[in-house]
Each structure stands twice: as C-alpha cells, then as structure tokens.
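J.: Prediction below, plus the sequence it came from.
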Amino acid sequence: MDPFPNLIALHWFSLSEQKYYSAMIRVPQDLQKRMREPTNHSYQNGTSGFEPRSTLVLGLAPGGEVVMWMMSQRSNAVEVMRVPALEVPGDPEDFAVLTESYLEDHGDYLEEHGVPLEGW
C-alpha cells in the first residue's frame, strides 16, 4: 500500500448506456489507516483469523456512479464512499464491436427492464 494514492482518476465507457464518464476521486485521508486495521478473514482451509483490508475495489455503475469498497475478501467488504461521475463527450463508435457483443449477451434484459440505475 505504499505509496498510498491521494487521487484516483477514472474514465470509462458504459456499454449499456453508450456514454462516457469521468471522475476524480479524492481518497479519504484516513483510508490507509482504516484499511490496516485487522478484520475477520476466513481461510480456504476452514479456519479464520484477522487480516487487514488490503484491497480497494471500484464499482462503475450505470448513471455514472462510482462505489468504493475496502476488503480483504468479499465477506468483509466495507463501502467507503460513493462519488458521482460526469458524463463527458466521446464517440460510442470506438466501442462498436464490444457493444455488439455486450448487446448479444444482455440486450434482451435491457430491452425488457431498461438500464438499472438504482440498487448499486
């Protein structure tokens, strides 16, 4: 975790929405300290112990929302923050091939339910 980041810059294309987003996230000053605190951790051999949360996960949700979690495994994930991203200009044609593949797999769901903007 050294050096620990102060800022995280994100720029992505949402295949479901056909939009580009950008976000600049200021990492909370106490996050490194919080991540180093030991928490319950289950091992593959069935035992448990205590480990720091050494992983940051960033989820990029439809509507341009970024969710940050800290964890050492999925069962001890803690949400750190939610940050709105800005829609930015870009050409969806840059991702035409990926969009086609994405819609083959998920197009029926999107057509029936729309893009889920809540519940992330």
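T.: Right, received. Where do you want to start?
J.: Which residues does the one helix or strand Tyr109 maps to contact?
T.: Using DSSP states H and E, Tyr109 sits in helix 96-113. Contacts to helix 96-113, defined as C-beta atoms under 8 Å, 6 or more residues apart in numbering, come from residues Leu15, Ser16, Gln18, Pro92. Every residue, glycine included, has its C-beta placed from N, CA and C.
J.: quick one, helices of this structure?
T.: Remark: helices assigned in the chain by DSSP state H are 31-36, 96-113.
J.: Just send those helices back as CSV, with distance to Asn45, mean pLDDT and mean neighbour count too.
T.: Shown next, in CSV, are those (distance: least, C-beta to C-beta, whole Å; pLDDT from 0 to 100; neighbours: other C-beta atoms under 10 Å):
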stretch, distance to Asn45, mean pLDDT, mean neighbour count
helix 31-36, 24, 95, 15
helix 96-113, 36, 94, 11
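J.: and of these, who's closest to Val67?
T.: Proximity to Val67 (C-beta to C-beta) singles out helix 31-36 among these, at 14.4 Å.
J.: would you put the C-alpha positions of that closest one in CSV?
T.: C-alpha atoms of helix 31-36 as CSV (Å, rounded to 0.1, in the frame of the first residue of the first chain):
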residue,chain,number,x,y,z
LEU,A,31,-8.4,5.3,4.5
GLN,A,32,-5.0,3.8,4.7
LYS,A,33,-5.2,3.6,8.5
ARG,A,34,-8.7,2.1,8.3
MET,A,35,-7.5,-0.5,5.8
ARG,A,36,-4.7,-1.6,8.0
